[in-house]
Structures are given as C-alpha cells and as structure tokens.
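Visitor: fold the stuff below for me.
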Amino acid sequence: MNRRLLLVSLCLTLCMSSLVANAAPALVAVDTQQFTDRPIPRFRVDAAWPVVPGEIIMGQVPGLAIDKDDNVWILQRPNSLGFSDTGLAQTPPIAVCCTPAPHVMQFSSDGAYLKGWGGPEHAPTLDGVNQWPDTVHGLYVDEETSVWIAGNGDGDHVALKFTEDGEFIRGLGRRERSAGNFDRETLGGPADISPDPKTGEVLIADGYINKRIIGFDEAGKFTRFWGAYASSPDAKTREGAFDQSQASSNADGGANPESESFGDIVHCVVRGPDERVYVCDRRNNRVQVFETGENGETKFLRDIVVAPGTGGTRTASDIAFSPNAEFMYIADMMNGQVWIYDAQSYELLGAFGRNGRYPGQFIWLHSVDVDSEGNVYTTEVSTGRRVQKFVLEGIE
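Guide: This next block holds a predicted model:
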C-alpha cells in the first residue's frame, strides 16, 4: 500500500469511529440573558451536530439557509484553510487528515451529511472570466430548492443561482466589473441575496464595495435601488478590494447609528414574515426596516439600534425570525451573541451566547437562521469556522 492510500485508510478509520461515537445529540446549556418579564425562547446547543463525514474539514462559513424540508445548507470557504488543516490533500500527503469540504454543503436536521458541491466548474466563463467567486459570501435557498450564492472577494461582483445539485441557472452582475452605486447592471461586492417568492424580485445587499440595496426582476432587469433611509444610494464606494482587516478597522471613526448613509459593509437583506425588508447596516450597529409601497417604491420605517457602543467588527450581521413570527433574532458579530427581539414591537427581550470557542459560544458570529421547529442555527467566519445548532427547549 502506498503512502497516500495508507494515510486515507487511517483517516477513514479514525473518522468513522468518530461518527459512530458522536451520532447521538449532545445537548449543552447555553448562556442566556432575559431583559424583561416576558418569556423568551430557551435553547441548548447540540455539540454533536453536524456529523461531518470522512476526511473533510470546513473552513470559514459565511452562508447559511434552511430549506422547505428543514434541511440545513451552508456555504464555506475551502480557500480559508491552510496546509496544517489539509495535510491529506497536499502532494505528497503530510498528515492522516484532512481534505477541504465542498463550498456548498447540505445537512439534514439531525445532522447527516446529504450532499456537497461547488467551485469554478459549476459556473460559466464569460469573456474569459470564470464567474465562480474567489471568496464566497451569502447563501439563500428558495422554495424550489434553488441555491443562490454571492461573493465579496477581489472582483467578486456576482450573485449566482444554481439547482440544488449545482447546475448553473443564471447570474446577476459580472466578476471583475463594477461601476458604483448608481449603476443598474453591475454589482459591487454583494453580501446577501433575498428573492421574493411572490413577485420574483431579487434583492441584493450590495455592500462590500457599494453601499446599497439593489433589486432585479426574474429576467435580470433592474427594479430599484436605495441607500440608508430609502434615500438615493449616493454614498462613496470602497476604494480597492475588500480585505478582512477592514472588517474590524475603526478608521471610519466608529459606528454611527444616526448616519445618513449606510456604513461600508451592508451585510444582510432579509424579507420578514410581515413582508417588510430588513437591512443589516453592520458597521453602523443598526438594522434598518423598510416596506414596499403599492407602486413599488421603498419606504423607510425605522431603525433598530443594536449595542450602539460596540467597536471592532460591530454588531448587526444577520437576521432571522421564529416560525410563528413572534421573535426576531439578530446575530451580533463583535459581541458574540444572538439578540432576541419582539418581532412586532422590536422590543429587546434577551440574548444567548457569548464570545468563545466552546459549544454555544461564538467567534466572528456571521449568520443565523431558524427551522420550522424553532431551532436556531448559526455560522462563524475568521477563526470560528463552524456551524452550530441550538435546540429549542421551550419558551419561559
């Protein structure tokens, strides 16, 4: 047996032993705070979820979505892994484990790995430029189980739609083409995608180079765009490519929850159960709430300020809602918490989690979503590199 086959055999033996040992849930208590007398959701984290198969290892996880069958989809970055993570993939192999996981991964609600795919071979090449993002960011799975991804790396000015098995359907924007906040065809470092199942309009948080929300119809034609307070998106765009050090820089003078423009990372766009549109203006520590008028115009409703004094990577990173639309969850990147709000009044009710690397804690908390049973899922980037499941225990 040659060296690589021997290492693979050893890795599979070790990994399969681990899978058998960790198949059952391992529920662990979670740090929880309650700020009012009103009952709030209570969770325990499943430290054995998910079951990652064989020899693969996940990198940073900047995308998360729950499909109609409560399967959990994640988007992860194989290129965030180093040689010490992927020793088995080196030539020749230098360790018994591991190899990079695929970009897009699907798990069942109980943590079983179902499928995975991703990479340049899944995207078209246009004018000599392959359209798969260099640095993936943002994930949405629609009611037909089509998968949308975006990218925020150097030149990654695209949002792409695939079948659940990775067959390319269509794209918005073009890699290596960006023309600023007022352009109606190109994108500028898109962070998040939110299709409307009723109208087919796709909203994009176009927020790592540009500073706006932009919409396109099912044919890919421009519908609308806006900046903070539903104003014209005339804020200055980022000069040069985004790099992760800028995510924690205070060169902008710090968060300003009253800023007339979006900060330099417009991080999420989420359609709520009330059909309102929620936008994470992360660098200004706020969520802005909008609605669409009868004639398709965008109307600003209010700010939700999230831990306003926070610095570093700042706060509002992603938003999700409980299945009965009673609670709203906001992922706070810097503080390592999921804030719990009343989904109608936006009163702050509580929080769970804290900064840390153990189950139920967070490092660079990035994404949050909820399944039909009320269980909450989260992902982490930078050195966090994981997905976690928080099992709903009750509301009390």
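Visitor: and the residue nearest the centre of this structure?
Guide: By C-alpha atoms, centre = their mean, the chain has its centre lying nearest to Gly63, at 3.3 Å.
Visitor: how much space between that one and Ala251?
Guide: Gly63 is 27 Å from Ala251, where distance means C-beta to C-beta, to the nearest Å. Heads up, the C-betas are built off the backbone N, CA and C, glycines and all.
Visitor: for Ile213, same thing?
Guide: 24 Å.
Visitor: then Arg286?
Guide: 19 Å.
Visitor: find the nearest non-adjacent residue to Lys161, please.
Guide: Closest residue to Lys161 apart from its sequence neighbours, by C-beta to C-beta, 6 or more residues apart in numbering: Ile169 at 4.4 Å.
Visitor: if you count surrounding residues, which of Arg286 and Ala251 has more?
Guide: With neighbours defined as other C-beta atoms under 10 Å, Arg286 and Ala251 compare such that Arg286 has more, 28 against 7.
Visitor: dump the residue contacts of that one.
Guide: 257, 303-306, 308, 316 (C-beta atoms under 8 Å, 6 or more residues apart in numbering).
Visitor: max-length strand in this protein?
Guide: Counting by DSSP state E, the longest strand found in the chain is strand 386-395.
Visitor: identify each buried residue in it, please.
Guide: 386-392 (16 or more other C-beta atoms under 10 Å).
Visitor: for the stretch 101-250 of the chain, what spans make up the strands?
Guide: According to DSSP state E, counting those that start in this stretch, the stretch 101-250 of the chain carries its strands in the segments 104-107, 113-117, 125-126, 129-130, 136-141, 147-151, 158-162, 168-173, 190-195, 202-206, 212-216, 222-226.
Visitor: what bits of this protein have low per-residue confidence?
Guide: 1-23 (pLDDT under 70).
Visitor: Asp318 and Arg302, how far apart?
Guide: 19 Å.
Visitor: what about the two, which has more around it?
Guide: Comparing Asp318 with Arg302 by other C-beta under 10 Å, the one with more neighbours is Asp318, at 28 against 12.
Visitor: wait, that one sits on Cys280?
Guide: Yes - Asp318 is in contact with Cys280 according to C-beta atoms under 8 Å; the separation is 6.4 Å.
Visitor: what is in contact with the two at once?
Guide: 192, 267-268, 270.
Visitor: out of these, who's nearest Gly296?
Guide: When those are ranked by distance to Gly296 (C-beta to C-beta), Val270 comes first, at 19.1 Å.
Visitor: quick check: beta-bridge partners of the closest one?
Guide: Tyr278 (DSSP bridges).
Visitor: who are the contact partners of it?
Guide: 192, 194, 277-280, 318-320.
Visitor: could you do Gly180 as well?
Guide: Contacts of Gly180 by C-beta under 8 Å, 6+ apart are 188, 210, 237.
Visitor: columns neighbour count and distance to Gly180 on top of those, output as a markdown table?
Guide: Shown next, in a markdown table, are the contacts of Gly180 (neighbours: other C-beta atoms under 10 Å; distance: C-beta to C-beta, whole Å):
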| residue | neighbour count | distance to Gly180 |
| --- | --- | --- |
| Gly188 | 25 | 7 |
| Asn210 | 33 | 7 |
| Thr237 | 19 | 5 |
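Visitor: right, and Asn152 touches Gly189 too?
Guide: Yes - the pair Asn152 / Gly189 is scored as a contact, 4.7 Å apart, by C-beta under 8 Å.
Visitor: shared neighbours, those two?
Guide: What both Asn152 and Gly189 touch, as defined by C-beta under 8 Å, 6+ apart, is the set 208, 242.
Visitor: re earlier: between the contacts of Arg286, which has the most around it?
Guide: In the contacts of Arg286, the most neighbours by other C-beta under 10 Å go to Ala316, 31 neighbours.
Visitor: contact partners for that one?
Guide: So Ala316 contacts 267-268, 280-282, 285-287, 304, 306, 330-332 (C-beta under 8 Å, 6+ apart).
Visitor: how about 7 Å then?
Guide: 280-282, 285-287, 306, 330 (C-beta atoms under 7 Å, 6 or more residues apart in numbering).
Visitor: by neighbour count, which of those wins?
Guide: Neighbour counts for the contacts of Ala316 peak at Cys280, which has 33 neighbours (criterion: other C-beta under 10 Å).
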